[in-house]
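**Student:** A structural model of the following input is requested.
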Amino acid sequence: MTVGSFLRLGYYFVKRLLLRLFRRKTGLEQFHENYAEARPLPLAPSDREALASFSGCMACGMCDAQFSAYGRAARREFHGPSDLPLSYSRSLPDYDALAGYLASLRRGDLELLERVCPARVPFVRLATFVEKVATALQNEPLPPETGRRKRHDPG
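**Tutor:** As a prediction, the model looks like this:
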């Protein structure tokens, strides 16, 4: 290594050290700054446990075959009840876009879907959870438009 490389390395080491000493941004503040556009919601421990129980779907199609409200559902908005545990329950920030889907899902017998599901996906609890998070997202203000996302500076 050359002397210039050592000087550059020393400069960045001292710079990083001074930034850590005098800048008081916590990891949580940095997280909120970096992910403001995604609108992350804090979840209670019970909600985190419930979210894990919703992912047991194995895409067997039994709930789709037994769903009684297909005739009253718009096909552009509603593909089947299996979409809820397979894809729609995986991304919390997108819950506020599910109003039409949830309305179509509520027209059917969710208790029947739970009984025929071999993985015992709790459809009633899942639909209630998604509606609760969607309501919370609708009540949360959108972040100001930032253009480009900020890079994370580990500080």
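**Student:** dump the residue contacts of Val124.
**Tutor:** For Val124, the contacting residues are 110-111, 114, taking CB atoms under 8 Å, 6 or more residues apart in numbering as the criterion. C-betas here are computed from N, CA, C, even on glycine.
**Student:** my bad, should have said Ser68
**Tutor:** Taking CB under 8 Å, 6+ apart, we find Ser68 in contact with 108-109, 112.
**Student:** go on, Ala134?
**Tutor:** Ala134 makes contact with 95-96, 98-99, 102, according to CB under 8 Å, 6+ apart.
**Student:** In the residues you listed, which residue is surrounded by the most others?
**Tutor:** Ranked by neighbour count (other CB atoms under 10 Å), these have Tyr95 at the top, with 22 neighbours.
**Student:** That one touches Val133, doesn't it?
**Tutor:** Yes: with contact defined as CB atoms under 8 Å, Tyr95 reaches Val133; the gap is 4.6 Å.
**Student:** rewinding a little: if we only consider the contacts of Ala134, which is nearest to Asp64?
**Tutor:** Nearest to Asp64, judged by CB to CB, of the contacts of Ala134 is Leu102 at 16.3 Å.
**Student:** Just to check, the closest one is in contact with Lys132?
**Tutor:** No: in this structure, Leu102 is not within contact of Lys132 by CB under 8 Å, at 11.2 Å.
**Student:** Just the helices from the protein, written as ranges.
**Tutor:** If DSSP state H is used as the criterion, the helices of the chain fall at 3-22, 27-34, 45-53, 62-66, 83-86, 99-106, 110-116, 123-139.
**Student:** Give me whichever of these is most buried.
**Tutor:** Mean neighbours per residue, mean count of other CB atoms under 10 Å, is largest over the helices of the chain for helix 83-86, with a mean of 20.
**Student:** Redo the helices of the chain as a markdown table? Include mean pLDDT.
**Tutor:** Below are the helices of the chain laid out as a markdown table (pLDDT from 0 to 100):
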| stretch | mean pLDDT |
| --- | --- |
| helix 3-22 | 89 |
| helix 27-34 | 80 |
| helix 45-53 | 80 |
| helix 62-66 | 87 |
| helix 83-86 | 84 |
| helix 99-106 | 80 |
| helix 110-116 | 90 |
| helix 123-139 | 82 |
